[in-house]
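> Below is the sequence, then the predicted model.
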Protein chains: 2
Amino acid sequence: MAMEKSRVLIVGGTGYIGRRIVAASLAAGHPTSVLLRPEIGLDIDKLQILLAFKAQGARLLEASLDDHDGLVAAIRQVDVVVSAMSGAHIRSHNLMLQIKLVEAIKQAGNIKRFLPSEFGMDPSRLGNALEPGRVTFDEKMEIRRAIENANIPHTYVSANCFAAYFSPNLCQLKTLLPPKERVGVYGDGNVKVFFVDEDDVGTYTIKSIDDPRTLNKTIYIRPQDNCLTQNELIAMWEKLSGKSLTKFHIHGDEFLASMKDTDFAHQVGVTHFYHIFYEGCLTNFDIGDNGAEATLLYPDVQYTRINEVLKRYL
Amino acid sequence: MAMEKSRVLIVGGTGYIGRRIVAASLAAGHPTSVLLRPEIGLDIDKLQILLAFKAQGARLLEASLDDHDGLVAAIRQVDVVVSAMSGAHIRSHNLMLQIKLVEAIKQAGNIKRFLPSEFGMDPSRLGNALEPGRVTFDEKMEIRRAIENANIPHTYVSANCFAAYFSPNLCQLKTLLPPKERVGVYGDGNVKVFFVDEDDVGTYTIKSIDDPRTLNKTIYIRPQDNCLTQNELIAMWEKLSGKSLTKFHIHGDEFLASMKDTDFAHQVGVTHFYHIFYEGCLTNFDIGDNGAEATLLYPDVQYTRINEVLKRYL
């Protein structure tokens, strides 16, 4: 007998990663609910994303994170909760609101798996992260502690560099578009990075929720074909576009100094980029027994190659 | 021989109405370009809307409204320009930026039709509009004067009440969701209003761009089946939902007084609602010779009935 598919509730389902997790959950045939927060107000774009999911078979569960009883009632109707509340300072940063979600899950008592909003670098390996970007990791670790103290079964997803944010711009900050003339290279440009297509983040996340192999572990999405240095990425784009770019190298100290007198969101970005492109924090460790690698767990997933991502921008 | 379809450039193509105009232009087989402004910055949602259009065959033309020569060069590659830059204060309000667009169209000299961002009430009939909401109409009239002074062939689209903003909430301000218990009724609730599905706004807009009958005129979208009073709308929802709502009537003076000490965007909304629901400004005039009615011009379009819109929210 086939295992019944868990009923999933996605919190933050209108967001950048959340809407992909909803799509993946629907595609995988899970009974899928999405939290509709009354705080949506006059945000017609978010509401229409929710209505589009409803038209595809999702159920909209209405509750505020400030309404504990309503939240508990919503959670009691599902088996798995996935949170994709934003922690990106260039968008919004609501990670700590998840404490209310953890409290509601704890009281509901029925949740078989909770996935908090992670989807980036592994915060447990960034205890010595630089200010001010460390706020992201500190907050994620605080949520992890709340989850673990409440004995809530969980999975953490480390999704590395989102492809659309990091690859077409050849890892440049402040833009999402391919550079036309010049490209800044971090150090020698030879640090290995994993780029992951955002739709694939949704797919692997949903694959993991009913999987005993991912229970109380971190899954790392490490598509081998998308393990590239910045130099390799630049060369890929130059080949595709048929144009050569002028490279200028940026020393680590110079890069960190560039955040002076910039806004907070940019400073956060600079420190995160430093850990990724100078320190190699995505690839300088072995996964070990507390983790698992998504492409090995789910080899049937045909993940998107960065070459294909870049072609969209030609 | 069939008339060749005009090449269309949409400005504001990632916006709420703009993206529907792009979709309609592609669906109608027009060679379709969308302006990609470098000001897009790190707005990945907008960028991915543009990339989705590109994948469907649209061309992305890159230029800033602050780059006159670049804008002229882009405009010279098309026949028709449609602007859908936002004028809604609850979103953004960029209407006056269109002066730069008008200047570029004037210099380019090749544009057969320009449709500025209108899509609401007819500003030429709101010369006595209340403060502060009159800013919307004053700005639209200033753009119209610039267009007409430059002898640019044009069409203005008056699209009345956008269905998703006005109908599921039963015309309540501050929410887009159906009321659950009580609903405020403006005056006696018997003023007639036209509700228009947003996708239909896109369809009728694109239908008009190559039509000699709409040259230098205003088209009014008046779907007869969607001409409803607030009372009729409330009754439609009560029938669909099977639930009766408590009605409370709001006198006109009381409604206007409610904007005191609220934010600017809300004040604008209150005055617009006043003109629509107390003064009946959408239906208290005959179109006359300077206008045309969209559903009569294009009877082949199967417009969306409000009943269908409401069902999405059940």
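Received it, and whenever you're ready, just let me know what you need. Residues are numbered from 1 along each chain as shown, chains lettered A, B, ... in the order given.
> per-residue pLDDT, A:His12?
Small correction: residue A:12 is Gly, not His. At A:Gly12, the model reports a pLDDT of 98.
> where's it relative to B:Gln224, distance?
For A:Gly12, the distance to B:Gln224 equals 42 Å [C-beta to C-beta, to the nearest Å]. Bear in mind the C-beta positions are built from the backbone N, C-alpha and C, glycine included.
> Neighbour count for these two, which is higher?
It is A:Gly12, of A:Gly12 and B:Gln224, that has more neighbours when counted by other C-beta atoms under 10 Å in any protein chain shown, with 26 against 10.
> I'd say the more buried one and A:Met85 touch.
Yes: taking C-beta atoms under 8 Å as the definition, A:Gly12 is a contact partner of A:Met85 at 4.1 Å.
> what residues are shared contacts of these two?
Counting by C-beta atoms under 8 Å, 6 or more residues apart in numbering or on different chains, the contacts common to A:Gly12 and A:Met85 are A:18, A:94, A:117.
> Return the member of these nearest to B:Val72.
B:Val72 has its nearest neighbour among those in A:Gly18, at 41.0 Å by C-beta to C-beta.
> What is the burial count for the closest one?
Neighbour count for A:Gly18, taken as other C-beta under 10 Å: 24.
> next one: A:Ser6
A:Ser6, neighbours per other C-beta under 10 Å, totals 19.
> ok, now A:Tyr220?
For A:Tyr220, using other C-beta under 10 Å, the count is 23.
> Pull up the residues of the stretch 201-314 of chain A that are close to chain B.
Contact residues (C-beta under 8 Å from any C-beta of the partner chain) of the stretch 201-314 of chain A with chain B: A:312-313.
> of all of the stretch 201-314 of chain A, which residue lies closest to chain B?
Nearest residue of the stretch 201-314 of chain A to chain B (C-beta to the nearest C-beta) works out as A:Arg312 at 5.3 Å.
> Can you tell me the closest non-neighbouring residue to that residue?
B:Leu51 (5.3 Å; C-beta to C-beta, 6 or more residues apart in numbering or on different chains).
> Are we agreed that that neighbour is in a strand?
No: B:Leu51 is assigned helix when assessed by DSSP: H, G, I helix; E, B strand; the rest coil, not a strand.
> which residue ranges form the strands in chain A?
Secondary structure of chain A (DSSP state E): strands at A:8-11, A:32-36, A:59-62, A:80-83, A:113-115, A:155-158, A:161-162, A:182-186, A:192-196, A:217-220, A:227-229, A:246-250, A:291-293.
> Does anything pack onto the fourth one? Which helices or strands?
So the one you mean is strand A:80-83. strand A:8-11, helix A:98-108, strand A:113-115 (3 or more C-beta pairs under 8 Å, 6 or more residues apart in numbering or on different chains; DSSP states H and E).
> cool, the shortest one as well?
Under the contact criterion of 3+ C-beta pairs under 8 Å, 6+ apart, strand A:161-162 touches strand A:192-196.
> Let's see that with 10 Å instead.
strand A:192-196, helix A:264-277 (3 or more C-beta pairs under 10 Å, 6 or more residues apart in numbering or on different chains; DSSP states H and E).
> relative to strand A:246-250, how tilted is the last one?
Put plainly, it is helix A:264-277. Angle of helix A:264-277 versus strand A:246-250, following axes from the mean of the first three to the mean of the last three C-alpha atoms, to 10 degrees, is 90 degrees.
> ok, now the shortest one?
If you take the same axes, to 10 degrees, strand A:192-196 sits at 110 degrees to strand A:246-250.
> Can you list the strands that strand A:192-196 pairs with?
Partners of strand A:192-196 in the sheet, by DSSP bridges, are strand A:161-162 (parallel), strand A:227-229 (antiparallel).
> now those in TSV, with mean pLDDT?
Rendered in TSV, the data for these read as follows (pLDDT from 0 to 100):
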stretch	mean pLDDT
strand A:161-162	98
strand A:227-229	98
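> Tell me who's in contact with A:Leu51.
Listed by C-beta atoms under 10 Å, 6 or more residues apart in numbering or on different chains, the contact partners of A:Leu51 are A:36, A:44, A:58, A:60, B:164, B:168, B:176, B:312-313.
> still on that earlier bit, nearest to chain B, of the helices and strands packed on strand A:80-83?
Closest to chain B of the helices and strands packed on strand A:80-83 is strand A:8-11 (C-beta to the nearest C-beta; 17.6 Å).
> Let me know which of the strands paired with strand A:192-196 is tucked in deepest.
Comparing those by mean neighbour count (mean count of other C-beta atoms under 10 Å in any protein chain shown), strand A:161-162 comes out on top with a mean of 21.
> Retrieve the pLDDT associated with A:His249.
pLDDT for A:His249: 98.
> And for it, the neighbour number?
A:His249 is flanked by 11 other residues according to other C-beta under 10 Å.
> Excluding residues flanking it in the chain, which one is nearest it?
Once flanking residues are discounted, A:His249 sits nearest to A:Val185: 4.9 Å by C-beta to C-beta, 6+ apart.
> which one of the helices and strands packed on strand A:161-162 is the most hemmed in?
Of these, the one with the most neighbours on average (mean count of other C-beta under 10 Å) is strand A:192-196, at a mean of 22.
> the inter-axis angle of that one versus strand A:182-186?
Going by the same axes, to 10 degrees, strand A:192-196 makes 120 degrees with strand A:182-186.
> before we move on, back to that, distance of the residue nearest to A:His249 relative to A:Ala74?
Here the criterion is C-beta to C-beta. By it, A:Val185 lies 48 Å from A:Ala74.
> next one: A:Asp138
For A:Asp138 relative to A:Ala74 (C-beta to C-beta), the value is 28 Å.
> who's in contact with A:Glu139?
Applying C-beta under 10 Å, 6+ apart, we find A:Glu139 in contact with A:87, A:93-96, A:98-99, A:117, A:123.
> so where do the helices sit in chain A?
Taking DSSP state H as the test, the helices found in chain A are A:18-27, A:44-55, A:68-75, A:98-108, A:134-149, A:163-166, A:198-208, A:230-241, A:252-257, A:264-277, A:294-297, A:306-311.
> okay if I get those as CSV plus mean pLDDT?
Putting those into CSV (pLDDT from 0 to 100) gives the following:
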stretch, mean pLDDT
helix A:18-27, 98
helix A:44-55, 98
helix A:68-75, 98
helix A:98-108, 98
helix A:134-149, 98
helix A:163-166, 98
helix A:198-208, 98
helix A:230-241, 98
helix A:252-257, 98
helix A:264-277, 97
helix A:294-297, 98
helix A:306-311, 98
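> In a markdown table, list those helices along with distance to A:Tyr220.
Below are those laid out as a markdown table (distance: least, C-beta to C-beta, whole Å):
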| stretch | distance to A:Tyr220 |
| --- | --- |
| helix A:18-27 | 17 |
| helix A:44-55 | 28 |
| helix A:68-75 | 27 |
| helix A:98-108 | 21 |
| helix A:134-149 | 15 |
| helix A:163-166 | 16 |
| helix A:198-208 | 10 |
| helix A:230-241 | 20 |
| helix A:252-257 | 25 |
| helix A:264-277 | 14 |
| helix A:294-297 | 7 |
| helix A:306-311 | 17 |
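> Centre-most residue in chain A?
A:Phe119 (2.6 Å; C-alpha atoms, centre = their mean).
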